[in-house]
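K.L.:
Sequence and predicted structure are below.
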Amino acid sequence: MNEITEYLGRNARQYGIVIALLAIVALFQVLTGGRLLDPSNVVSLIQQNAYVMILAIGMVMVIVAGHIDLSVGSVVAFIGGAAAIMMADWGWSWPVAVALALVLGLLVGCWQGFWVAYVGIPAFIVTLAGMLIFRGLAIVLVSETRAGLPDAFNAIAGGELPSWLGFLGNLDGVTLLIGVIGMAAFVLSQWRARRGLIKHDLAVEPMGIFLVKNVVVVGLIGVVAYWLALRATPIVLLIVGGLIMIFTFVLNRTVFGRHIYAVGGNRHAAQLSGVRTRVTDFMIFVNMGLLAAVAAVVTTARAGAGLAAAGQLYELDAIAACFIGGSAVRGGVGKISGAMIGALIMGVLNMGLSILAVDSAWQQTIKGLVLLLAVALDVVSKRRRAYA
Amino acid sequence: MTEKDEDVVLEMLGITKEFPGVKALQDVNLRVRRGEIHAICGENGAGKSTLMKVLSGVYPHGSYDGEIVFDGEPVAFRGIRDSEDRGIVIIHQELALIPQISIAENIFLGNEKAGAGVLDWNRTHRAAADLLSRVGLAENPEITPSEIGVGKQQLVEIAKALSKKVDVLILDEPTAALNDDDSEHLLGLLREFRDQGMTCIIISHKLGEITSVADRVTVIRDGQTIETLDLHGAEPVTEDRIIRGMVGRSLEHRFPARKATIGDEVLRIEDWTVHHPVDTDRVIVDSANLDVRAGEVVGLAGLMGAGRTELAMSLFGRSWGTGISGRVYKNGEEIRIRTVSDAIRHGLAYTTEDRKSLGLNLIQTIRENISSSALGKLMDWMGVIRGEREAAVAERYRRDFGIKAPTVESVVGQLSGGNQQKVVLSKWVFSDPDVLILDEPTRGIDVGAKYEIYTLVNQLAEAGKAVIVISSELPELIGVCDRIYAMSQGRITGEVPRERATQEELMRYMTMEKTR
Ligand SMILES: Nc1ncnc2c1ncn2[C@@H]1O[C@H](COP(=O)(O)OP(=O)(O)OP(=O)(O)O)[C@@H](O)[C@H]1O
Ligand SMILES: [Mg+2]
């Protein structure tokens, strides 16, 4: 037992934030009289917050490397506007427009990465400029709105997977299948990682914790899958889920990902270890551009139109999600899983407060306080542990 | 003297301090007499720095068990301010000067000379100049620390300490980065302070210094007090005697036996010239020629500022300097090295003398640091890093090099200085280079671990690697190298084979003035 408490002590942060999320969910579940976790609300929670999660994935990497990106909101408006014009004005088919939007995102990333990595201007300045530049371009492009987008395109944000497999009682078969695959994949990957460590005679987390963790995660996936199966799987969920898996992998298991941590932790030491820090910086911004383009597609599809004012304050949502999720302001530390939970905390707050019909001015105030509190808890608990 | 009538200024009783997963101190006792120089010795990670941090309030009262009695009354410091109010001042193992602001501002940082919050520059500069002259440093207090060498920076740290009311001055490895002259000057100062009635506590791995300057020595091993030795007592206290306390047995030799089998030339540089990165007309390395062979350990001796580190770093992917010219040959063929990646690809490795700011990522784990220079070796065919292979490699080095840490998942910033150095070495040995350049590899490392590192150098050489050792400790160079180059003012002034290597001979070359 001692072993388990000690382990939890060392990993308090990771578990703390999950518990915080669960506590907030429970709180609103009670306050809203059970309406928060209504299936249709769960679906719209995902659809409403997809953009934060997508942007936060890129933002974690930017922040871990010791930079910041203030321009993503404007970039979303700019690229979304461009895609809308391609479809509405020029009549191009939606797959072409989406592909070109992604290419445009890469180009925006190259532009910003160039100034940060090769000219050496701090990212804060470059992306502050980018915030103005791309907002301006968005307004030039679409002036106000460009509506009249194809339904197939709008389905990216609002649509659901068709029920190919029929229903099990009142539950959608496809959704259940995805849930089961998700559970199996999680348990299998955890189990394989553990076996690998044991094979090499390395320390593993206590068996008790391992089991509890698996049961909890499987249970959570099960609950979410159940709620969703009462409707159907939203398409954005697949997009977000896919991105989370891909980028978690990139960050943990590829050389590029590891170099991001190395650069953020100690740039000079990374250089002297043979890390090409400029290339790493550049690629981080290219990647951020790409993800901003994905977010632009989702946002535009959700609005059903290109809006010059789209994406307002998105950068702050994404940055807040990262910091609530445990990224360090000085760089070097941060996880995608943390940022995703941070995004969910913000999302649940938004949704819960809206259901309770709290005034939007108060909503902002509350979200600001939560951000401050989350980071304060982190800082204080770290200090306590250092001196413990 | 009996315990009764000795004048004890400070007593630490039954100090126990735990970090998550590590018991750094266990029931440690320390008794310091007024006006003595009290040395603390122990291996890396023994808990010396931790003990001093407890004493100075860095770890506040309540975060440890035990009692501190100062001037006859128990004290409970909540922070470093409290201990400074009582006259206990610590100079930490790492220099803590801010490079961008002036020496004078550094000295008075946190207790500025000001009236109503407005700085009085005249008073600040005058007082700073007074303090600098007390420590024998003739520098303008308005320049910044980055403009003076480490030796002088250490003196500024002492001046800073003296700007406060000091009864007990604690110095954690003050001479680790200093050359012999600077160290001697600093130790002289300590003697002076003692004669003025100040009490000094000094931590050092340089046992020669301790036997020459200290009055008493307390030895700590694995977080426990082993003994306190009186250097003026009946029984003479030699370095070997202290080592016996530190490692629990006597160390027969300081250097492992070396049986060199030297092969073909691996690396040769010709006409290597490097200019200062800012002051681009200044020549820092001046047409240096140097070669090493397989299985050979070559030393690079020189005083501070001779250009040894600059030579090594400019060679290692142009990491330092501008206007670099000259030729490099690897296995007889000329190669071009433009970046650090090029250097690593050509089988070069360089471990820096400044491990904290250049060698390690302090917020990452031992595992991540060790793998960082050769992630490619841990990839499978799809370019994916194999986590368990990485962990296994790190674990192997932890065992082989005796890195003291609970697991390879420990964060490097929390290791003791010596153990951090072992992580740096592991990292570069893992990259499997042909030529290994070690810059001050034993700085801040205890005698036992030094021996391990020398053994390691021997093993690397026996495995056919070429090793270049840069060191300011001449006995070390003479003990481990087959051949030693001496540098002075950017030029290689001499080359001495092992048989002829003596400190005097090397010193003669190292101090040779430019003739032009
Ligand atoms: N903040 C910390 N968190 C966790 N462990 C720590 C921390 N600080 C020190 N330790 C551990 O406590 C032990 C004692 O460390 P300490 O720095 O006191 O050693 P030291 O005797 O000063 O060694 P060195 O000669 O290498 O400087 C080491 O095992 C170290 O890893
Ligand atoms: Mg220490």
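P.N.:
That came in fine, so what should we check first? Ligands and ions are numbered 1, 2, ... in the order given.

K.L.:
Tell me where the chain is predicted with low confidence.
P.N.:
Chain wasn't specified; assuming chain A. A:1-14, A:381-388 (pLDDT under 70).

K.L.:
look at chain B instead
P.N.:
For chain B (pLDDT under 70), the answer is B:1-5, B:514-516.

K.L.:
neighbours around the one residue in the stretch 201-350 of chain A that gets nearest to chain B, how many?
P.N.:
Using CB to the nearest CB, the closest approach of the stretch 201-350 of chain A to chain B is made by residue A:265 at 3.6 Å. All C-beta atoms are positioned from the backbone trio N, CA, C, and that covers glycine. By other CB atoms under 10 Å in any protein chain shown, 27 other residues sit near residue A:265.

K.L.:
And the strands in the stretch 251-400 of chain B?
P.N.:
Taking DSSP state E, counting those that start in this stretch, the strands of the stretch 251-400 of chain B run over residues B:265-275, B:283-293, B:297-302, B:322-330, B:333-335, B:348-351.

K.L.:
okay, those strands in JSON lines with distance to residue A:159 and mean neighbour count next?
P.N.:
Shown next, in JSON lines, are the strands of the stretch 251-400 of chain B (distance: least, CB to CB, whole Å; neighbours: other CB atoms under 10 Å in any protein chain shown):
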{"stretch": "strand B:265-275", "distance to residue A:159": "63", "mean neighbour count": "18"}
{"stretch": "strand B:283-293", "distance to residue A:159": "66", "mean neighbour count": "20"}
{"stretch": "strand B:297-302", "distance to residue A:159": "68", "mean neighbour count": "27"}
{"stretch": "strand B:322-330", "distance to residue A:159": "59", "mean neighbour count": "15"}
{"stretch": "strand B:333-335", "distance to residue A:159": "58", "mean neighbour count": "11"}
{"stretch": "strand B:348-351", "distance to residue A:159": "55", "mean neighbour count": "26"}
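
K.L.:
Can you name the residue of the stretch 101-250 of chain B nearest chain A?
P.N.:
Taking CB to the nearest CB, the stretch 101-250 of chain B has residue B:146 as its residue nearest chain A, at 14.8 Å.

K.L.:
which residue sits closest to residue B:136 in space, ignoring its chain neighbours?
P.N.:
residue B:185 (6.4 Å; CB to CB, 6 or more residues apart in numbering or on different chains).

K.L.:
Please tell me how far the nearest residue to residue A:312 once chain neighbours are set aside sits from ligand 2.
P.N.:
Leaving aside its chain neighbours, residue A:312 sits nearest to residue A:73 (5.9 Å; criterion: CB to CB, 6+ apart). Residue A:73 sits 48 Å away from ligand 2, going by CB to the ion, to the nearest Å.

K.L.:
Quick check: residue A:73 is in a helix.
P.N.:
Yes. Under DSSP: H, G, I helix; E, B strand; the rest coil, residue A:73 falls within a helix.

K.L.:
all strands of chain A, in order?
P.N.:
For chain A, applying DSSP state E gives strands covering A:145-147, A:167-168, A:171-172, A:305-307.

K.L.:
Can you lay out those as TSV showing mean neighbour count?
P.N.:
Below are those laid out as TSV (neighbours: other CB atoms under 10 Å in any protein chain shown):
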stretch	mean neighbour count
strand A:145-147	17
strand A:167-168	12
strand A:171-172	20
strand A:305-307	24
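
K.L.:
one step back: between the strands of the stretch 251-400 of chain B, which one is nearest to residue A:148?
P.N.:
strand B:322-330 (59.0 Å; CB to CB).

K.L.:
Which elements pack onto the closest one?
P.N.:
With contacts taken as 3 or more CB pairs under 8 Å, 6 or more residues apart in numbering or on different chains; DSSP states H and E, strand B:322-330 sits against strand B:265-275, strand B:333-335.

K.L.:
Distance-wise, check residue A:364 relative to ligand 2.
P.N.:
To ligand 2, residue A:364 is 48 Å away according to CB to the ion.

K.L.:
Just give me the neighbour total for that residue.
P.N.:
Residues lying near residue A:364 (other CB under 10 Å) number 12.

K.L.:
ok, now how distant is it from residue A:378?
P.N.:
Distance of residue A:364 to residue A:378, given as CB to CB, to the nearest Å: 22 Å.

K.L.:
thought residue A:325 was touching residue A:342?
P.N.:
Yes. The criterion here is CB atoms under 8 Å, and residue A:325 meets it with residue A:342 at 3.4 Å.

K.L.:
The spatially most central residue of chain A: what's it in contact with?
P.N.:
For chain A, the residue nearest the mean C-alpha position is residue A:53 (2.3 Å; CA atoms, centre = their mean). By CB atoms under 8 Å, 6 or more residues apart in numbering or on different chains, the contact set of residue A:53 is A:240, A:243, A:244, A:321, A:339, A:340, A:343, A:344.

K.L.:
how many neighbours does the residue in the stretch 151-300 of chain B that chain A sits nearest to have?
P.N.:
Nearest residue of the stretch 151-300 of chain B to chain A: residue B:277, at 13.8 Å (CB to the nearest CB). Residues near residue B:277, counting by other CB under 10 Å, number 14.

K.L.:
list the contacts for it?
P.N.:
B:320, B:321, B:322.

K.L.:
Please repeat the previous calculation with a cut-off of 6 Å.
P.N.:
B:321, B:322 (CB atoms under 6 Å, 6 or more residues apart in numbering or on different chains).

K.L.:
Distance check, it against ligand 2.
P.N.:
In terms of CB to the ion, residue B:277 sits 32 Å off from ligand 2.

K.L.:
swap in residue A:248?
P.N.:
Relative to ligand 2, and taking CB to the ion, residue A:248 is found at 37 Å.

K.L.:
do residue B:416 as well
P.N.:
5 Å.

K.L.:
nearest residue to that residue other than its sequence neighbours?
P.N.:
residue B:45 (3.9 Å).

K.L.:
go on, residue A:202?
P.N.:
residue B:391 (4.9 Å).

K.L.:
swap in residue B:440?
P.N.:
In space, residue B:440 is closest to residue B:353, 4.0 Å off (CB to CB, 6+ apart).

K.L.:
For stretch B:275-283, output the C-alpha coordinates as PDB.
P.N.:
Output of stretch B:275-283 as PDB, limited to C-alpha atoms (Å, rounded to 0.1, in the frame of the first residue of the first chain):
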ATOM      1  CA  HIS B 275      38.500  34.100 -33.700                       C
ATOM      2  CA  HIS B 276      36.400  35.500 -30.900                       C
ATOM      3  CA  PRO B 277      32.700  35.500 -31.800                       C
ATOM      4  CA  VAL B 278      32.100  39.100 -30.900                       C
ATOM      5  CA  ASP B 279      35.500  40.700 -31.000                       C
ATOM      6  CA  THR B 280      36.200  39.100 -34.400                       C
ATOM      7  CA  ASP B 281      39.800  40.300 -34.800                       C
ATOM      8  CA  ARG B 282      40.900  38.600 -31.700                       C
ATOM      9  CA  VAL B 283      42.600  35.300 -32.300                       C
END
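
K.L.:
still on that earlier bit, the nearest residue to the residue of the stretch 101-250 of chain B closest to chain A once chain neighbours are set aside: what secondary structure?
P.N.:
Nearest non-adjacent residue to residue B:146, counting by CB to CB, 6+ apart: residue B:99, 4.2 Å away. Here residue B:99 is recorded as coil under three-state DSSP.

K.L.:
so residue B:99 makes contact with residue B:148?
P.N.:
No. Counting by CB atoms under 6 Å, residue B:99 stays clear of residue B:148, with 10.4 Å between them.

K.L.:
between the two, what contacts are shared?
P.N.:
Residues touching both residue B:99 and residue B:148 (CB under 6 Å, 6+ apart): there are none.

K.L.:
Neighbour count: these two, which is higher?
P.N.:
Neighbours were counted for residue B:99 and for residue B:148 using other CB under 10 Å; residue B:148 has more, 17 against 11.

K.L.:
Fine by me, thanks again.
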